[in-house]
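**Q** Show me the folded form of this:
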Amino acid sequence: MKLSLAKKALLLWRIWLMLICAAAGVLFYALFPLLGNGAVAAGIFLGAIALWLFFFWIPGYHSSFQIQLEAGRLSLRRGVFLHLEHSASLCAVLLLQLHQTPLQRLMGIASVTLCLPGSRLHLPDLSLDDAQQLLRLWKTYRRRP
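**A** This is a model prediction of the structure:
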């Protein structure tokens, strides 16, 4: 079974970037009397970085997520420049947590955290249906005391 990030996750990540840029803009506006042209140059530089993130990095990172569930084993591949791969058996998962911020709840998205012995695996911004299906599968695979 193949899971994927929610289509609205891309929009959510872009909204977070815009909020961070708005906060940085307010900061540079406040620092302009102290820094003068340095604040303008820093604002232009950060604006260029934000545009690059908005149009290239965030869509590339979003499309790089590959989540597969095969025979009780979950594998996650992600990354644009540095590719990371994580895998875990669903029997070894001690706790599976669903998280939703108010904005995620509004968009029908949930983040899932798998607590493993000695580590955690975070699956950001899955569709709520996929997250609930993963929870149901984990309940069937987990060890009973």
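**Q** and Arg120, which of the three is it?
**A** Taking DSSP: H, G, I helix; E, B strand; the rest coil as the rule, one finds Arg120 in the strand state.
**Q** The residue most central in space within the chain and Lys2: what is the separation?
**A** When CA atoms, centre = their mean is applied to the chain, the residue found nearest the centroid is Pro124 (3.9 Å). Distance, Pro124 to Lys2, by CB to CB, to the nearest Å: 17 Å. From N, CA and C alone the C-beta is placed, and that goes for glycine too.
**Q** Tell me the buried residues in the longest helix anywhere in the chain?
**A** If you go by DSSP state H, the chain has its longest helix at helix 7-35. Across helix 7-35, burial judged by 16 or more other CB atoms under 10 Å covers Lys8, Ala9, Leu10, Leu12, Trp13, Arg14, Leu17, Cys21, Phe28.
**Q** List the contacts of the helix or strand just after it.
**A** Remark: after helix 7-35, the chain's next helix or strand is helix 37-52, criterion DSSP states H and E. By CB atoms under 8 Å, 6 or more residues apart in numbering, the list of residues contacting helix 37-52 from outside reads Leu17, Cys21, Ala24, Gly25, Phe28, Leu31, Phe32, Leu35.
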